[in-house]
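# Dropping the sequence and predicted coords here.
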Amino acid sequence: MPPKPEQAAVTAPSAPIHEAKAVVLATLFAFLLMTGYSLLKPVRDEVGSAHNDVLSWLWSGTFVVMLALVPLFGWVSSRFPRHKLVPGVYHFFSLNLLLFFFLLRSLPNDGTARTAFDFVFYVWVSVFNLFALSVFWSFLADIFKSGQGKQFFGRVMMGATLGAIAGPTLTSILDARIGTAQLLLVSIVMLQLAVVCFHQINQTGLIPAAQKKNEKGLGGGLWDGARTVWQSPYLRNICVYLLLFLVSSGFLYRLKAEYAYEFFEDRDTRRAFYSNIEVIANVLTLALQFLATGKLLQKIGVGFTLAILPVLTMFAFGALGLWTTLTTIAIADVLRRAGNYALAKPAREVLFTVVPTAQKYKSKSFLDTFVYRGGDSAVSWMYDLFSNFLGGGGLSLAVVPFAALWTGSALRLGRMHQKLEAPENTSE
């Protein structure tokens, strides 16, 4: 039933104010979260390059950890409401970082103990990244509608991109001055400031007071995320899109790790190389987000925006098939990162704005963590298998047909989203 004219006159002006404030806070939230993670990413990637001969095992280890954590997260999310669940995740990871800080300060720079720490830290950062970002985007997809997501998620991603620039920049500046261990403390501060942003968003008025008052746990069981994805054709197609994305990203990551290890002699130089890649890719991403993301999502729709990255990937890996050098790998990596975070990632998050709340949190946590890291592990072993009889050029060309299938998956998802979005637009 439409509101009475006098009610509309009172409530209409406040809605844009609440919306604008929430967008600003969400952008700051994304900045702090990505800065906290991106401080650690060059450290993790350097570990991967230094131990590239066991990367498949590290990715498999990450998947095993996810296998344990996904049902645990399902149990926690079924019992705790959103206003406790979201900050609880970031407090948990902050405590983990504090433990790593004390361990790193007490360990020598090499030896068996340091190698073991490197392996555990690599797996932990891989887990932390996906859970922290999955919970953040579940929250945003829950409070913004599909039309708002198309309009605002590009802006929020700009905050994430600025954080992704600030993180490795701070790593480059601070690593030599204060040491790697102290970087973990800086990351903790960023996470706790992100929690403050979450609480402030809850106070903007964008979330109705009655909804917050009656907020409860999501209910259900341990494996509701997997069950939800399996039973929904829409969510299954998102799963397919994600897995096809992982083929190209996994092959490129392995190529970059191997060629960087051969090209650079010491760990400090490799860490600087990874930091520079992050900064360049994110500057390009920021430019695209400012100029194109929101406009493309609103004008050509989610499906065609999702399809841009796989088309770019076909051309990039075709070129790598002809010229496989560290320089061409770095260029392909920069272009794909920019295409992913400026276009594909915001479009993928818009897909979840038409999914009910309980399904949203559980399916996203399952897709963004379990499926993501399971796909990573499978792709890494597939890379090892292919590398037995293919060189760098052949490995690159092997990705092209997967990218073609990925393009088709993107267009299909766009059509499905449009159908699910139609009732929301009609109600508005």
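Right, received. Where do you want to start? Numbers count the residues shown, from 1 in each chain.

# low-scoring pLDDT stretches of the stretch 1-150 of the chain, where are they?
Within the stretch 1-150 of the chain, the set of residues satisfying pLDDT under 70 comprises 1-17, 49, 52, 70, 74-75, 77-79, 82, 108-109, 146.

# Could I get the full set of strands for this protein?
For the chain, no strands turn up when DSSP state E is the criterion.

# what's the spacing between the closest residue in space to V125 that isn't next to it in sequence and F264?
Taking C-beta to C-beta, 6 or more residues apart in numbering, and ignoring the residues beside it in sequence, V125 has R44 as its nearest neighbour in space, at 4.2 Å. For the C-beta atoms, the positions are set from N, CA and C on the backbone; glycine is no exception. Here R44 is placed at a distance of 17 Å from F264 (C-beta to C-beta, to the nearest Å).

# more neighbours, the two?
Each of R44 and F264 had its neighbours counted (other C-beta atoms under 10 Å), and the higher figure belongs to R44 (21 against 18).

# residue contacts, that one?
F121, Y122, V125, S126 (C-beta atoms under 8 Å, 6 or more residues apart in numbering).

# Tabulate these (a markdown table), appending neighbour count and distance to L343.
As requested, the contacts of R44 are exported to a markdown table (neighbours: other C-beta atoms under 10 Å; distance: C-beta to C-beta, whole Å):
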| residue | neighbour count | distance to L343 |
| --- | --- | --- |
| F121 | 19 | 31 |
| Y122 | 24 | 28 |
| V125 | 22 | 25 |
| S126 | 24 | 24 |
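
# nearest to L25, of these?
Using C-beta to C-beta, V125 is the member of the contacts of R44 that lies nearest L25, at 26.0 Å.

# Against L103, how distant is the closest one?
The gap separating V125 from L103 is 14 Å, by C-beta to C-beta.

# Let's see the pLDDT reported for the nearest residue to F304 once chain neighbours are set aside.
Residue nearest to F304 in three dimensions, not counting chain neighbours: G414, with 6.4 Å by C-beta to C-beta, 6+ apart. The predicted local confidence for G414 comes out at a pLDDT of 90.

# Confirm for me that A141 is in contact with V354.
No: under the contact definition of C-beta atoms under 8 Å, A141 does not touch V354, with a separation of 9.0 Å.

# Okay, now the unreliable bits of the stretch 201-350 of the chain?
Across the stretch 201-350 of the chain, the stretches falling below the confidence threshold (pLDDT under 70) are 205-225, 267.

# burial of L103, as a residue count?
For L103, the tally of surrounding residues (other C-beta under 10 Å) stands at 15.

# which residues sit in contact with H199?
Residues near H199 by C-beta under 8 Å, 6+ apart: P87.

# how many other residues sit next to the residue nearest to L322 when sequence neighbours are not counted?
Excluding the flanking residues, the one nearest L322 by C-beta to C-beta, 6+ apart is G393, at 6.8 Å. Neighbours of G393 under the rule other C-beta under 10 Å: 14.

# contacting residues around G393?
For G393, the contact set (C-beta under 8 Å, 6+ apart) comprises L320, G321, L322, T324.

# Of those residues, which is the nearest to F245?
Distance ranking of these against F245, using C-beta to C-beta, places L320 first at 16.8 Å.

# unless I'm mixing things up, F273 is touching A260, no?
Yes: counting by C-beta under 8 Å, A260 is a contact partner of F273 at 5.9 Å.

# ok, those two, which is more surrounded?
Neighbour count, other C-beta under 10 Å: between F273 and A260, A260 has more, with 23 against 20.

# Any figure for the gap between the more buried one and V76?
Using C-beta to C-beta, one gets 38 Å for the distance from A260 to V76.

# Start and end of stretch 226-242, how far apart?
Criterion C-alpha to C-alpha, to the nearest Å; first-to-last residue distance in stretch 226-242 is 15 Å.

# Same check on stretch 341-351?
15 Å.

# and L174, what does it touch?
In this structure, L174 makes contact with Q182, L183, V186, judged by C-beta under 8 Å, 6+ apart.

# scratch that, A292 is what I was asking about
With contact taken as C-beta under 8 Å, 6+ apart, A292 is in contact with A342, L343.

# and what of G154?
Each residue near G154 by C-beta under 8 Å, 6+ apart is listed here: Q289, T293, G294, L297, A342, P346.

# ok, the fifth one - how many residues close by?
The reference is to A342. Residues near A342, counting by other C-beta under 10 Å, number 30.

# count of residues packed around the residue nearest to it when sequence neighbours are not counted?
What sits nearest to A342 in space, not counting adjacent residues and going by C-beta to C-beta, 6+ apart, is L288, at 3.6 Å. For L288, the tally of surrounding residues (other C-beta under 10 Å) stands at 19.

# ok, back up a step: would you mind giving the contacts of G393 as CSV with distance to L335 and neighbour count added?
Putting these into CSV (distance: C-beta to C-beta, whole Å; neighbours: other C-beta atoms under 10 Å) gives the following:
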residue, distance to L335, neighbour count
L320, 11, 24
G321, 15, 18
L322, 16, 10
T324, 16, 19
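
# Nearest to G147, out of those residues: which one, please.
L320 (38.1 Å).

# Check the gap between that closest one and L99 for me.
Using C-beta to C-beta, which is the criterion applied here, L320 is 40 Å from L99.

# Pull the contacting residues for F264.
R270, F273.

# quick check, nearest of the contacts of R44 to L58?
Lowest distance from L58 to the contacts of R44 (C-beta to C-beta) belongs to Y122, with 5.4 Å.

# contacting residues around the closest one?
Neighbour list for Y122: R44, V47, G48, H51, L58, T62 [criterion: C-beta under 8 Å, 6+ apart].

# Could you measure from it over to H51?
8 Å.

# Could you please give me the overlap between the contact lists of the two?
Here Y122 and H51 have L58 as joint contacts, going by C-beta under 8 Å, 6+ apart.
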